[in-house]
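Student: Next one to model:
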Amino acid sequence: MTVPDPHGRNPKSRPFVIIDPTSGIEPGETLVAVAITSTFSLPLSKSLVPMRWNSAGTVETGFRTRCFAKVDWTYLIPVYEGEEFEMEINATSHGKYVRAQELYAILQSVKQLEPKRPPKPRD
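Tutor: Numbers count the residues shown, from 1 in each chain. Purely as a prediction, here's the structure:
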């Protein structure tokens, strides 16, 4: 998808990981995706989850450089009623994926960033 960086600049094609469950998706809804970045500094921020990669790009992600899911950089992807398929999004699939353990780590990191809600008062 072509999107700007977190500061609203430098739009370019960037990889994302969709973190919404796929069951129950309907046209008109949006999917939440987390950006993948190869820009980082040490020590690593807690918002970065390492992705599998190798220089040949032969891992399931296809990544050729050290990169991370940046869980505080999300993008909403609109779901459309499709022409070729029942539903479509404006993105290109390259047939790549992240393993369950990386997806779990991404979801746990996103959960830690969500604001804590106070407990509901008891009657």
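
Student: what lines up beside the helix or strand bottoming out on mean pLDDT in the chain in the sheet?
Tutor: The weakest-scoring helix or strand in the chain, judged by mean pLDDT, DSSP states H and E, is strand 2-3 (a mean of 85). Partner strands and pairing direction for strand 2-3 (DSSP bridges) are strand 12-13 (antiparallel).

Student: ok, and what's touching the strand it pairs with?
Tutor: Residues from elsewhere that reach strand 12-13 (Cβ atoms under 8 Å, 6 or more residues apart in numbering): 1-3. Any C-beta I mention is one placed from the backbone N, CA and C, and that applies to glycine too.

Student: Model confidence at the residue most central in space within the chain, what's the number?
Tutor: The chain has residue 34 as the residue nearest its centroid, 2.2 Å off, counting by Cα atoms, centre = their mean. Residue 34 carries a pLDDT value of 95.

Student: I'd like the numbering to begin with 783 instead of 1 from here.
Tutor: With the count now opening at 783, the last piece we talked about shows up as residue 816.

Student: As a check, name the ranges of all strands in the chain.
Tutor: Along the chain, the segments classed as strands by DSSP state E run 784-785, 794-795, 798-800, 812-819, 830-832, 850-863, 869-871.

Student: Adding distance to residue 887, write these out as TSV.
Tutor: TSV is the format used below for the strands of the chain (distance: least, Cβ to Cβ, whole Å):
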stretch	distance to residue 887
strand 784-785	22
strand 794-795	24
strand 798-800	11
strand 812-819	11
strand 830-832	5
strand 850-863	8
strand 869-871	24
